[in-house]
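>>> What shape does this take:
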Amino acid sequence: MGDSLDVARRFGANLRRVRRQADLSQEQLGFHSGLHRTEVGLLERGARVPRLDTLLKLAAGLGVRIESPLFEGMSWTRSGVTTRPGAFTFKPSEERPEK
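Numbers count the residues shown, from 1 in each chain. Got it, this is the predicted structure:
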């Protein structure tokens, strides 16, 4: 449990720092990410570890990229319209031979 708690706290501190650098409130980040502001607060406090889809949404809401082969071909596109949520997009996977 200790390792998960450390990861959650570190992620939360990073999320708070990046959100503030982007000059966004928790509510604004929640809106751009398709999340409720209370979810953003829980993540920032390290009370919750984000799911993969939540990570993609947060990255899009903050305007940052997630650089990892694990996320290749997946993204969240935030809506520019206040009445419509964003959506996931998927690119065809490029099969790579195993080494």
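
>>> Quick check on residue 89: phi, psi?
Dihedral pair for residue 89: phi -130, psi 150, per degrees, to the nearest 10.

>>> what sits up against the helix ranked longest in the chain?
As assigned by DSSP state H, the longest helix anywhere in the chain is helix 2-21. The contact list for helix 2-21 (Cβ atoms under 8 Å, 6 or more residues apart in numbering) reads 26, 29, 40, 43-50, 58, 62, 64. For every residue, glycine as well, the C-beta is placed using N, CA and C.

>>> Any buried residues in the helix or strand that it is followed by, and which?
Moving toward the C-terminus from helix 2-21, the first helix or strand encountered (DSSP states H and E) is helix 26-33. Residues 26, 29, 30, 31, 32, 33 are the ones in helix 26-33 that count as buried (16 or more other Cβ atoms under 10 Å).

>>> Could I get the residues you listed in a markdown table, plus columns for distance to residue 18 and pLDDT?
Below are the buried residues of helix 26-33 laid out as a markdown table (distance: Cβ to Cβ, whole Å; pLDDT from 0 to 100):
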| residue | distance to residue 18 | pLDDT |
| --- | --- | --- |
| 26 | 12 | 97 |
| 29 | 9 | 95 |
| 30 | 14 | 94 |
| 31 | 16 | 92 |
| 32 | 13 | 92 |
| 33 | 12 | 93 |
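
>>> ok so, going back, tell me the buried residues within the contacts of helix 2-21.
With burial judged by 16+ other Cβ under 10 Å, the buried subset of these is 26, 29, 40, 43, 44, 46, 50, 58, 62.

>>> In the residues you listed, find the pair that's most separated.
Spanning the widest gap among these are 46 and 62, at 17.7 Å by Cβ to Cβ.

>>> Just give me the closest of the buried ones among the contacts of helix 2-21 to residue 76.
For the buried ones among the contacts of helix 2-21, with residue 76 as the reference and Cβ to Cβ as the criterion, the closest is residue 58, at 8.6 Å.

>>> returning to that earlier point: determine which two of the buried residues of helix 26-33 are furthest apart.
Pairwise distances across the buried residues of helix 26-33 (Cβ to Cβ) peak at 11.1 Å, for the pair 26 and 32.
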